[in-house]
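> coords please:
(2 chains)
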2 protein chains.
Amino acid sequence: MVNVNTLTQFTKSIFLSIGFPESDAELAATILVNADLRGVDSHGVARLPGYVRLYDHGRLNPTPAVRIVHETPSTAVLDGDRGVGLVVGPQAMQVAIEKARVAGTGWVAVRNSNHFGIAGHHAMLALEHDMIGIAMTNAAPLVAPTFSLDKLLGTNPIAVAVPARNEPPFVADFATTAVAYGKLEIAQRKNQPVPTGWAQDADGQPTTDAHAVKNGGGLLPLGSDREHGSHKGYALGAIVDIFTGVLSGANYGPWVPPFATAGFMSAQAGVGEGTGHFFGAMRVDAFRPADDFKQHMDQWIGAFRNARAVEGKKVLIPGDPEREMEAVRRSEGIPLIPPVVQSLQELGARFGVTYNH
Amino acid sequence: MVNVNTLTQFTKSIFLSIGFPESDAELAATILVNADLRGVDSHGVARLPGYVRLYDHGRLNPTPAVRIVHETPSTAVLDGDRGVGLVVGPQAMQVAIEKARVAGTGWVAVRNSNHFGIAGHHAMLALEHDMIGIAMTNAAPLVAPTFSLDKLLGTNPIAVAVPARNEPPFVADFATTAVAYGKLEIAQRKNQPVPTGWAQDADGQPTTDAHAVKNGGGLLPLGSDREHGSHKGYALGAIVDIFTGVLSGANYGPWVPPFATAGFMSAQAGVGEGTGHFFGAMRVDAFRPADDFKQHMDQWIGAFRNARAVEGKKVLIPGDPEREMEAVRRSEGIPLIPPVVQSLQELGARFGVTYNH
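Residues are numbered from 1 along each chain as shown, chains lettered A, B, ... in the order given. Below is the predicted model of the structure:
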């Protein structure tokens, strides 16, 4: 178990070591550790070596000059200047919130960015302003659309955060695939099969091989197969790709650069610049009085949370599991698996920062 | 096979018979037949008797005074005055488009409406303005959230239409469930089982019984079960419910009135007014030049359509199947099953309108 503050300080030191300004290093570290706190381990400090590799490959600018390249009263396009999405994302969300203050809603497409961590973090920035927050990103192609042998979409997550009054907020944050790739990685490490419906093999056939995606196969869209609606999951991932990539001028589809490898230099090989994000903020009182809205959200949440459930289970509100996990880990600390601890120790050694576990 | 014009004229006559103004009757008939043309038979003229029943029960106002009850530069809330969604929807979409002209985007939540037909029709109204169109609606509860025994959500569809240049537009239009309820109805008529993953029984267990939803069971969210991401489909349906119902002041969750039965009078028993919709319009040139955007959409579409496919299949772009169906049916006519023909003949007899099949 690692203490939250210890892990945040270490992570911040690494970002400082590759040239991040103080406040950006603090922000990036906080968001990464936030993912671990919320139980989204695949998007937490396990990714820190990846961000450093992005820097090593010249794909990550530690001191980006993020700028608005186009805007209307309710929209903006931001050029992330090859900054990390962990830092560019909150800036873009801030622009969306400012737009929403004046125009009722704000919508910001971002190009020339990199991986932004957990989508939910960005969406939740709207909550304290009594706004609904929305965040999406595209990502390197791992997913085969329905009937496709080629991988053309990333796991392309969508997050939507909605404020309530006495209840905690509704926070949905999900990949548009049957499962996140991290679940296959866990099975790979244990050398276990995975359920059918998670991945297909190189011939587009259902498989239980956790290694299939690395061997010519692909992750499956939410819905898994045509009979269970995979064309809907494919459409959803496609919508995220279009909003984040095509609207912004970033790369899209098969051209989205991988998270942290050298092979792909977007400016040369791509159809746009870097990775794309899309953010939204909607003032709830642009529709009805905020108190009214939040009271009805409490009633909505109550109706779902108190529904009759399958024996031994309960009906969860999106955001419940992550919030419960955060309460536990904030007091007990964050468990890290040995390979992650080792990779952090290696980073510490490289930059002369002590890693205390 | 019924000729498109014949069917449209008949449908229009029925709407005129229950007091619709000329232009509203024309619009409502066109949208219903449009669903049949696009192959979404469950949302076409098969629903006409249901709209008449709504009128009979006093739940549908044939001459609604639709009005804006609140607005900001980029948002509006419309009260549909118990009009039919087929007519209220296009008016709301028009408001969204006007807002987008000035503010870059427009977002309109609608309360006090009724069933609006196929979501895709409304979203596509944005295309001719070089805008992305979005349409959602909530609906009576048929869907059990993950682990729930109670039905709390409708099939809550999402439609997103995106303009391209030389390619036909991208038009996604899908229920947030594994399948539409119409697929269970087809199996019911044939007395056939359905695949597991479509529905659960009264104990929340997987079932192949096509009648399960009527007997205490529920439709399953997209993803089917927890292992395959049903909590994501549930979150998606919930987001639609919150945007359409809670933002607008309509009913939501278990309180959404059924399509066309007498039991539920929203003003008394509900938590809001009628059924809720949510519409969006985003000017693509609020983000980047329209020509640029549409050229990249062509490239996006080309990359997906030309992907390597499973033997005997091809990778489809959302909207392809419906457009191909429309081309066929516009020339060959629309096939109607005997029960639908009979219900139309009965309507014709009641209102003294000849039904020519």
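
> how does chain A divide up, domain by domain?
By the assignment in automatic domain parsing, chain A contains the domains A:4-178+A:220-286, A:179-219.

> gap between the first one and the chain center?
A distance of 5 Å separates the C-alpha centroid of domain A:4-178+A:220-286 from that of its chain, computed with Cα atoms, centre = their mean, to the nearest Å.

> tell me the pLDDT at the closest residue to A:L184 other than its chain neighbours?
Closest residue to A:L184 apart from its sequence neighbours, by Cβ to Cβ, 6 or more residues apart in numbering or on different chains: A:A210 at 5.0 Å. Backbone N, C-alpha and C define where each C-beta goes, glycine included. You'll see A:A210 listed with a pLDDT of 96.

> Tell me how many other residues crowd A:A210.
21 (other Cβ atoms under 10 Å in any protein chain shown).

> give me the element it is part of.
Secondary structure assignment for A:A210, by DSSP states H and E: no helix or strand.

> That one: what's it in contact with?
A:L184, A:E185, A:A187, A:Q188, A:N191, A:Q192, A:P193, A:V194, A:A199 (Cβ atoms under 8 Å, 6 or more residues apart in numbering or on different chains).

> top of those residues by neighbour count?
A:A199 (30 neighbours).

> isn't it right up against A:G218?
Yes: the pair A:A199 and A:G218 qualifies as a contact (Cβ atoms under 8 Å) at a distance of 6.7 Å.

> Quick check: neighbours shared by the two?
A:A212.

> circling back: distance of the residue nearest to A:L184 from A:P195?
10 Å (Cβ to Cβ, to the nearest Å).

> what does the stretch 51-200 of chain A have sitting close to chain B?
A:70, A:72-75, A:77, A:102-105, A:107, A:109, A:145-150, A:152, A:160, A:162, A:170, A:172, A:174-179, A:195, A:197-198 (Cβ under 8 Å from any Cβ of the partner chain).

> Keep only those of those residues that are in helices.
A:V102, A:A103 (DSSP state H).

> how about the strands in the stretch 1-150 of chain A?
Counting by DSSP state E, counting those that start in this stretch, the stretch 1-150 of chain A has strands at residues A:67-72, A:75-79, A:105-113, A:131-137.

> I'd like the ones you listed laid out as TSV, including mean neighbour count and mean pLDDT.
Putting the strands of the stretch 1-150 of chain A into TSV (neighbours: other Cβ atoms under 10 Å in any protein chain shown; pLDDT from 0 to 100) gives the following:
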stretch	mean neighbour count	mean pLDDT
strand A:67-72	16	98
strand A:75-79	25	98
strand A:105-113	29	98
strand A:131-137	29	98
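
> quick one: which of the ones you listed is nearest B:A25?
strand A:105-113 (34.2 Å; Cβ to Cβ).

> that older thread, now the domains of chain A as JSON lines including distance to A:L344?
Conversion of those to JSON lines gives the following (distance: least, Cβ to Cβ, whole Å):
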{"stretch": "domain A:4-178+A:220-286", "distance to A:L344": "7"}
{"stretch": "domain A:179-219", "distance to A:L344": "17"}
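
> Please identify the most buried of the ones you listed.
domain A:4-178+A:220-286 (a mean of 23; mean count of other Cβ atoms under 10 Å in any protein chain shown).

> helix or strand right after the helix or strand bottoming out on mean pLDDT in chain A?
When each helix and strand of chain A is scored by mean pLDDT, DSSP states H and E, helix A:266-269 comes last, with a mean of 50. Later in the chain than helix A:266-269, the nearest helix or strand by DSSP H and E is strand A:275-283.
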